[in-house]
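1. Sequence first, predicted model second:
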Amino acid sequence: MAGLINHLNAIRSFFNTGGTRPSDFRKQQLLRLKESILKYEEALSNALFSDLHKSKEEVWITETGMVLSEINACIKSLDEWMAPQPVPTNFVNIPGKSYLLPEPLGVVLIIAPWNYPFQLLFMPLIGAIAAGNCVVLKPSELTPATEKIMGQIIAETFAPNYILYAPGEGAVLIPELMDAFRYDHVFYTGSTAVGRIIYQKAAAQLTPATLELGGKSPCIITRNASLKVAAKRIVNIKFSNAGQMCITPDYLLVHHSVKEALIRQLKATILKFYGEHPITSYDYGRIVNKKHFNRLRNLMEGQTILHGGEHNEEQLFIAPTLLDAPSMEAPVMKEEIFGPLLPVIGYGSDEEALARIRQNENPLALYVFTSDKKEADHWLQQVPFGGGCVNTAAMHYLNKNLPFGGRGNSGIGRYHGRFSFETFSHIKGILKAQTWPDIPLAYPTLKGKLKTLKKVI
């Protein structure tokens, strides 16, 4: 513990020198990070295949490519983000000038999960560097091959008193990291249960926290939906990374009039994408470990399987699986699935569907498939959720111009692009007054000035 405290104090000392503040320094660090990622691109691809059976194409789309794109966007826009932003000045303060001035928070802690172990560690890191902070990184220990390569990237790119890489068992290391030091911000991605613990520890030191959590994200398919398109886009996202994605559709709510037709399209699409034997598919992933494999297998017990259901513990394989109308009281409908199981539930009225959604409040995402604009707008307004899509799923995550984050049980705060910069910055409000005119009305005595003050203020 003493060694850890010394490391953290060294980071604070470096931040206090002001060395991270200049725009040129921040850009240089982002460029160095980009060069290192490109150097280790193949190694990262191999590691992610080892940990999660991801193809090199999937690694590029959902991990390395996203991170490199984020770096490029930050470098391009950083001067604009750092510049004072003028805002209107109220009448009382004329002829003064008002503006917003961003400053770095200080030393921030970023804790990442295992499902996208590279992207979900490095995306917030980019925002923290761009905002001028020093960073402590806690990667997931559940993807050891990727954890090792990421450690090499950080060690070769940054001094440990600037960016500290802290691998280890989360249950032990995270409490040590948070008890040993007061951070200026904590950024956590993971489960709601652990998020509550992180939030409590942060609150004890009045440390602000961003929590990117999960939840049961519904996908509504109305009677007006294009079923063929819906099936392709749902299957493509739901079974990417073997369903281990926080914004994947957790369950489908399908209007009764199109339920059977959609199921036929889903089955045909699964066969088209992954073949009759998905265990041999180039594009299909694996469950991260036996603990999660057994959890998912238990969620299937007692359920009516419409398609799939095959599993192989030795290979940590569970086939793309459709479940028919589980009870809302079943475990598969009580907890976030985070795997390749997709419940398909019929509904008759909007009120019925909304009542089901409300049993798992504040989902991270909502997806609506419909050709009726008014119908889409209705659902977007009726359901409180983090972010979402109409006629596709999860693709909002790829648009860095959109904030990503949850609300309530699915998270606190937002990031991506400029939103990451703002998350890791404190925005000061500044008024620069003039020394002339110096109006007597503002000074004591105020007696007899109330009528005038009411008019002015």
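-> Yes, it's here.
2. residue nearest the centroid of the protein?
-> Among the residues of the chain, the smallest C-alpha distance to the mean C-alpha position (Cα atoms, centre = their mean) belongs to residue 212, namely 5.0 Å.
3. Next one: it from residue 396, what distance?
-> From residue 212 over to residue 396 the distance is 14 Å, taken as Cβ to Cβ, to the nearest Å. C-beta: built from backbone N, CA, C; applies to glycine.
4. one step back: can you verify my assumption that the residue nearest to the centre of the chain contacts residue 192?
-> No - under the criterion of Cβ atoms under 8 Å, residue 212 lies out of contact with residue 192, with a separation of 10.5 Å.
5. Find the nearest non-adjacent residue to residue 372, please.
-> Distance criterion Cβ to Cβ, 6 or more residues apart in numbering; nearest residue to residue 372, sequence neighbours excluded, is residue 224 at 4.5 Å.
6. need the contact list for the one you found.
-> 370-372, 375 (Cβ atoms under 8 Å, 6 or more residues apart in numbering).
7. Of the residues you listed - the most surrounded one?
-> Counting neighbours by other Cβ atoms under 10 Å, the top entry in the contacts of residue 224 is residue 370, with 22 neighbours.
8. how much space between that one and residue 391?
-> Per Cβ to Cβ, residue 370 is found 7 Å from residue 391.
9. Now do the shared contacts for those two.
-> 225, 376.
10. any chance you could map the helices in the stretch 1-150 of the chain?
-> All helices of the stretch 1-150 of the chain, identified by DSSP state H, counting those that start in this stretch, fall at 2-16, 23-39, 41-52, 56-59, 65-82, 119-130, 144-157.
11. could you dump these to TSV with mean pLDDT?
-> Formatted as TSV, the entries for those read as follows, by pLDDT from 0 to 100:
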stretch	mean pLDDT
helix 2-16	94
helix 23-39	98
helix 41-52	98
helix 56-59	98
helix 65-82	98
helix 119-130	98
helix 144-157	98
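12. out of these, deepest packed?
-> Highest mean neighbour count of the helices of the stretch 1-150 of the chain: helix 119-130, a mean of 27 (counted as mean count of other Cβ atoms under 10 Å).
13. tell me the angle of that one relative to helix 23-39?
-> Taking axes from the mean of the first three to the mean of the last three Cα atoms, to 10 degrees, one finds helix 119-130 and helix 23-39 inclined to each other by 160 degrees.
14. What is helix 119-130 packed up against?
-> Judged by 3 or more Cβ pairs under 8 Å, 6 or more residues apart in numbering; DSSP states H and E, helix 119-130 is in contact with helix 23-39, helix 65-82, strand 107-111, strand 134-138, strand 185-189, helix 418-423.
15. that older thread, is the residue nearest to residue 372 part of a helix or strand, or is it coil?
-> Using DSSP: H, G, I helix; E, B strand; the rest coil, the structure places residue 224 in coil.
16. Give me the pLDDT value at it.
-> At residue 224, the predicted lDDT confidence score is 97.
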